[in-house]
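Below are the sequence and a predicted model; questions follow.
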Amino acid sequence: MRVTEVSARAFRLPLHRAWDGGVDRNDLVVVRVATDEGLVGTGFSWTPLIGARAVAALIADDLRPALLGRRADPSLWDELRWHLREAGTSGLTLMALAGVDIALWDLVARRAGLPLVELLGRRREEAECYGSGVNLDYPLPDLLEQVAGWVAAGHRAVKVKVGSPAVARDAERVEAVRDLVGADRLLMVDANQRWDVPGAVRALAVLEEFDPYFVEEPLPAGDLGAHVRLRARTRVPFAVGENLRTVEEFERFIDEGVCDVAQPNVVRVGGITPFMRIAESAARRSVPVAPHLLPELSGQLALCLPRVGMVEDIDRASLAALGALAVPSGVRLERGRVSADTGPGHGLVFSGGLAPVP
C-alpha cells in the first residue's frame, strides 16, 4: 500500500466559552493520506490560537513530497522527523508530523479491518476520566456550577485551575470545590506554569490542606532545575508533560523525580508513534500516563497503555462538543469512564462544513 496523495486543511473551532488568557478557539488541521489501494487515512493536528496554517504548510510543502510513492506505514516516523530537521525537531514540526502519523495509523488499522485500539493492543475495556476546565477567570459561582456538572455526570475526579495573583483567592476556590466534591473524590489543581519556585512553595503550603491529588505544571515547563528545587519543598505530586515533546525530555523529568504523572499530548509529541514510546518509557519507570486533552483519541490510547492514569474530559471542548465530527466516533465518556468501539481505524470522521482558518 503506497501513498498517492497527502492533503492538509486548517479549520477554526470556536470555543463555547473562552479559556483563560483570551483563548476563544481551537484550530484543527485535518490531514488525509490516500493510497493506491483506494484507502484513505485521516489524521489531524490541533492547536489553541497559534500555528495552524504553518502546520498545514509544513505538511503540504515538506511532508507530502517525502511521502508520495512511499509505503503507507507509521514506521516512517523517524525518517520523516529527520526529513524535517532543518525546520527544527520539536514544536511545529512535531505537530505537522502528528497529523501524518495519525493518518498512517488510521490507514494501517483500516487495511487490517481493525479498530485502532485493537491494532495497538487493547489492555482494558475502560479507563477512568476526570472533569477538567480552563476556569481560573470564572467567578466562584460559575466554577462551582461547572464542578457540580462533573459530579452529576459521574466523575470521581476533577481538576481546577490555580495561579491567581493572590494565594488567598486560590485557597478560597479550592476549598469551595473540595467542600462540593467531598473527601472521597480526587481533586487536582493546575497552575499552567504561572508560579516561580518561591510562589509555588507558598501556594502549595496553603493548598496542601485540601489534599490535591497532584499539581499540574507548577513552574515553567522546560525548567527541570526549578522543578527539582520545588520537589524538595513540597509533598504534592507533580503532573507534567503537556509542554514536553520528546521521549528524552520525559525521561529526564521522571529520572529526576519531578514527574509523578506524565501528560503527553498526542499532537504535540508528534503523533501516536512517539506517544506510545513515551508511555512505554514511563511505565518502565513506574509512572502512569494521563493523556492531555483530545479525549476522542486520548481515550483510545488510554485503553492500550501499559500504565494508565486518567483521561482528561475537557468541559465542552472535545472534538464532538466543538462540532468537528460528522458522526459519533464510537468513543464514549460516560459516568466518569471512557470506552471505545470505533469500527476499523480510529473512528474520527470530520465534518465537511467546518469553517476554514482565515
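Noted; the coordinates are in hand.

Would you mind measuring from residue 166 to residue 215?
Separation of residue 166 from residue 215 (Cβ to Cβ, to the nearest Å): 18 Å. No exception for glycine: its C-beta is placed from N, CA and C like everyone else's.

Same drill for those two, tell me which one is more crowded.
residue 215 (26 against 9; other Cβ atoms under 10 Å).

residues in contact with that one?
Contacts for residue 215 (Cβ atoms under 8 Å, 6 or more residues apart in numbering) come out as 162, 188-191, 200, 204, 207, 234, 236-239.

and residue 139, how many residues sit next to it?
10.

So it versus residue 146, what's the distance?
Here residue 139 is placed at a distance of 11 Å from residue 146 (Cβ to Cβ).

ditto for residue 63
Distance from residue 63 to residue 146, by Cβ to Cβ: 39 Å.

any idea how far the longest helix seen in the chain is from the chain center?
When the chain is parsed with DSSP state H, its longest helix is helix 92-112. Centroid displacement of helix 92-112 relative to its chain, using Cα atoms, centre = their mean, to the nearest Å, is 16 Å.

Buried ones in that helix, by neighbour count?
By neighbour count with 16 or more other Cβ atoms under 10 Å, helix 92-112 contains the buried residues 92-111.

Run the chain-centre distance for the helix or strand immediately after that helix in the chain.
Counting by DSSP states H and E, the next helix or strand C-terminal to helix 92-112 is helix 116-120. Distance of helix 116-120 from the chain centroid (Cα atoms, centre = their mean) equals 19 Å.

Quick check: next helix or strand after helix 116-120?
strand 127-132.

just checking, what packs against that following strand?
helix 140-152, strand 157-161, strand 186-190, helix 295-302, strand 311-314, strand 337-340 (3 or more Cβ pairs under 8 Å, 6 or more residues apart in numbering; DSSP states H and E).

State the paired neighbours of the fifth one in the sheet, together with their directions.
Spelled out, that is strand 311-314. strand 127-132 (parallel) (DSSP bridges).

average pLDDT for the strand it pairs with?
For strand 127-132, mean pLDDT rounds to 98.

what does stretch 101-108 give?
Rounded mean pLDDT across stretch 101-108 is 99.

quick one: contacts of that stretch?
Contacts of stretch 101-108 (Cβ under 8 Å, 6+ apart): 1, 31-33, 35, 39-44, 72-74, 76-77, 116, 119-120, 266, 270-274, 297, 345-346, 348.

quick one, helices of the stretch 201-350 of the chain?
Along the stretch 201-350 of the chain, the stretches classed as helices by DSSP state H, counting those that start in this stretch are 224-231, 247-255, 272-284, 295-302.
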